[in-house]
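Student: Generate coordinates for the sequence data below:
(2 chains)
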Amino acid sequence: VAAMTDHSHALRTLRAFPTLFRIGVAETLAYRGGFLMAVVTAGLPLILLGLWKNAAAAGPIAGYSSTKFVAYFLGIMIVRNLTETNVSWRVGEEIRTGELSMRLLRPIHPVLAFAAQSAAGIPIRSIVSIPFALYLVFGSDGIVLGSEPLQLAALLPSLILAWFIAFGVKFALGSCGFWITRTYGLNSWYTMAWSVCSGFSMPIALVQHTAYAPVAHVAYWLPFYYTIGAPVDLMTTHMTSAEVLHLMGGQLAWAAAIMALVPQVWRAGVRRYEAVGA
Amino acid sequence: VKKYLDVMAVQLRMSVLQALAYRADFVIEGTVALAAKLVALLPLLVLFDQRTTFQGWDRTAALMVMSYFIIIRAVMEGMVSPSVQQLADRIRTGSFDYVLLKPIDAQFLASSARTDMFYIYDLLYGVLIGVYALYDRGTWPSPANVGLGLALLVTGVLAMYALWILCAAAAFWIVRLDSLIAVVGVLYDAARWPVQVFGRVWRTVFTYVIPLALMTTFPSMAILGRLDGATAAATVGGTLGLLVVSRIVWRLALRSYTSASS
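Tutor: Okay, the predicted model is just below:
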């Protein structure tokens, strides 16, 4: 009987997913300010590109020429648009305000509802990244775009894993709201560390060729790189098969760690939430 | 003026009490967060590891810009941004009526309403980086340059404040401010770099359109003794202009406030 209810539970969740997704899209469209936000945040890599491209005008920086920087930051722009999520902020706020109680009553697991809501932002934001993707493919003379079949084959799985890792880590971050009241601070440190260690501000491969190489080595062990830098490197650099496998291995390892840990954190948190009597 | 200072003092005291309610977070903020903040310096360090000077800036001079960036951000996120956020909520719910009824200027009250004491760490951190940058240079700036640098810190804060008042005024017309606030935060991030390091387009944008140069680049040049008189005067003039414009827009916006019920 337990197996049967489990089965029907999963089915019901699956059936609800398209509806949840549609609601999410409608929400994104309702707040047009959010769309403006997406456009401007999408523009941030362009500012960074302006900086590094200008710096590389006199000669490549640690192997990165101007054209390589263009490809890299366009890649960053595209992947950022696909994997961006504000789930940590949402979860933290719903815990703080007690809104979460409503979600816990529904027959759908909150993590799925949040996932649907996050994924719903992708189609709208993709509109912003399409021109840049086109430029990356056709405007770069094919010099910068990796053309090895293995790299191209790995790209889609890598993007999905990147989204999953970004969502998982941020969901866990929001769940910290069960224990501490100010998740805002936590979010801002995460963003600070992320913007450097993920390769968002500059390629991690570049850092590896400077006096700060140890930081790059640490960054390859942290989850940040696998949320954006990894797929961008797949898109924009030529890699050996071993390097591709290494990169995908890192992503799979972090995805597995999230699968194992995040549900535990959530369950422990919900128990505590109920204990407070909110 | 005394009345305004008194109100400010009371509001600060309330904010301290509010911060003390989250004591554990206050300790965490001071310790763990430092690591994240140090990591944020990395792009600058990496760039100047590869280029000793770039567009007239070297590592220590760029760190000075970073110092101004962190100090002004501390004031922005600690005081101006939470207050503007609260203002937006009040306009939406209609409780802005009570602000208008008080016998004190509404702009003043709205913009000092809430201070997040946690940002005191950022303030200290910014000052420390500035002192380190000057120490690392080997030559200390002359008192006159320090004076000018500090004076331009004040105008930098005011310029940032004026931009925020413009955003706050927008709250009277567009209901949700969250995205606008986030946009300003994202753009302000570019102020951590001297404007000269960007290409011509961004440099023009950050000097004349969204004048980040007034907040961090020019004040840093002043304390380093590199700012010519004309640019210093333009910095002060530009800030005054921004303040006047923001005040006018605020007054216009106030007129279109209709309260929630009417």
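
Student: Going by C-alpha atoms from here, please, whenever you check contacts or count neighbours.
Tutor: OK.

Student: Next, find the distance separating whatever residue of chain B ends up closest to chain A from B:Phe218.
Tutor: Residue of chain B nearest chain A, by C-alpha to the nearest C-alpha: B:Phe198 (4.7 Å). Counting by C-alpha to C-alpha, to the nearest Å, the separation of B:Phe198 from B:Phe218 is 15 Å.

Student: if I read this right, the residue of chain B closest to chain A contacts A:Asn54, doesn't it?
Tutor: Yes - contact criterion C-alpha atoms under 8 Å: B:Phe198 and A:Asn54 qualify, at 6.5 Å.

Student: So between these two, which is more surrounded?
Tutor: Using other C-alpha atoms under 10 Å in any protein chain shown, the more surrounded residue of B:Phe198 and A:Asn54 is B:Phe198, with 23 against 19.

Student: which ones are touching the residue lying closest to the more buried one once chain neighbours are set aside?
Tutor: Once flanking residues are discounted, B:Phe198 sits nearest to A:Leu51: 4.7 Å by C-alpha to C-alpha, 6 or more residues apart in numbering or on different chains. By C-alpha atoms under 8 Å, 6 or more residues apart in numbering or on different chains, A:Leu51 lies in contact with B:197-199.

Student: Adding pLDDT, write those residues out as TSV.
Tutor: Conversion of those to TSV gives the following (pLDDT from 0 to 100):
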residue	pLDDT
B:Val197	90
B:Phe198	89
B:Gly199	82
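
Student: so how far is B:Arg51 from the residue nearest to B:Phe198?
Tutor: Relative to B:Arg51, A:Leu51 is positioned 13 Å away (C-alpha to C-alpha).

Student: swap in B:Tyr125?
Tutor: Separation of B:Tyr125 from B:Arg51 (C-alpha to C-alpha): 26 Å.

Student: Do you have the strands of the stretch 1-150 of chain B handy? List them.
Tutor: Along the stretch 1-150 of chain B, counting by DSSP state E, counting those that start in this stretch, strands occupy B:53-54, B:57-58.

Student: ranking those by burial, who's on top?
Tutor: Sort the strands of the stretch 1-150 of chain B by mean neighbour count, taking mean count of other C-alpha atoms under 10 Å in any protein chain shown, and strand B:57-58 sits at the top with a mean of 17.

Student: What pairs with it, parallel or antiparallel?
Tutor: When pairing is defined by DSSP bridges, strand B:57-58 lines up against strand B:53-54 (antiparallel).

Student: Report the distance from the top helix by length along chain A to the chain centre.
Tutor: Among the segments of chain A that qualify as a helix by DSSP state H, the longest is helix A:241-276. Mean-position distance between helix A:241-276 and its chain equals 14 Å (C-alpha atoms, centre = their mean, to the nearest Å).

Student: name the helices or strands packed onto that helix?
Tutor: Applying 3 or more C-alpha pairs under 8 Å, 6 or more residues apart in numbering or on different chains; DSSP states H and E, we find helix A:241-276 packed against helix A:149-175.

Student: the inter-axis angle of the helix it packs on versus helix A:241-276?
Tutor: With axes from the mean of the first three to the mean of the last three C-alpha atoms, to 10 degrees as the basis, helix A:149-175 and helix A:241-276 are set at 20 degrees to each other.

Student: Following element in sequence after helix A:149-175, please.
Tutor: The helix or strand immediately downstream of helix A:149-175 is helix A:183-197, counting by DSSP states H and E.

Student: Kindly export the very next helix or strand once past that following helix (C-alpha atoms) in PDB.
Tutor: Note on helix A:183-197: by DSSP H and E, the next helix or strand toward the C-terminus is helix A:204-207. Taking Å, rounded to 0.1, in the frame of the first residue of the first chain, the C-alpha atoms of helix A:204-207 are listed here in PDB:
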ATOM      1  CA  ILE A 204      38.900  30.700 -13.400                       C
ATOM      2  CA  ALA A 205      41.400  29.400 -16.000                       C
ATOM      3  CA  LEU A 206      42.800  32.900 -16.100                       C
ATOM      4  CA  VAL A 207      43.300  33.000 -12.300                       C
END
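
Student: So which bits of the stretch 101-250 of chain B are right by chain A?
Tutor: Residues of the stretch 101-250 of chain B found near chain A (C-alpha under 8 Å from any C-alpha of the partner chain) are B:176, B:179-180, B:182-183, B:186-187, B:190, B:197-199, B:202.

Student: Show me which pair in those is furthest apart.
Tutor: Greatest spatial distance among these (C-alpha to C-alpha): B:Arg176 and B:Val197, at 34.5 Å.

Student: ok, and what's touching stretch A:100-109?
Tutor: Contacts of stretch A:100-109 (C-alpha under 8 Å, 6+ apart): A:13, A:91, A:94, A:110, A:278.

Student: Buried subset of these, written for PyMOL?
Tutor: Here is the PyMOL command that picks out the buried ones among those, judged by 16 or more other C-alpha atoms under 10 Å in any protein chain shown:
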select buried, chain A and resi 13+91+94+110
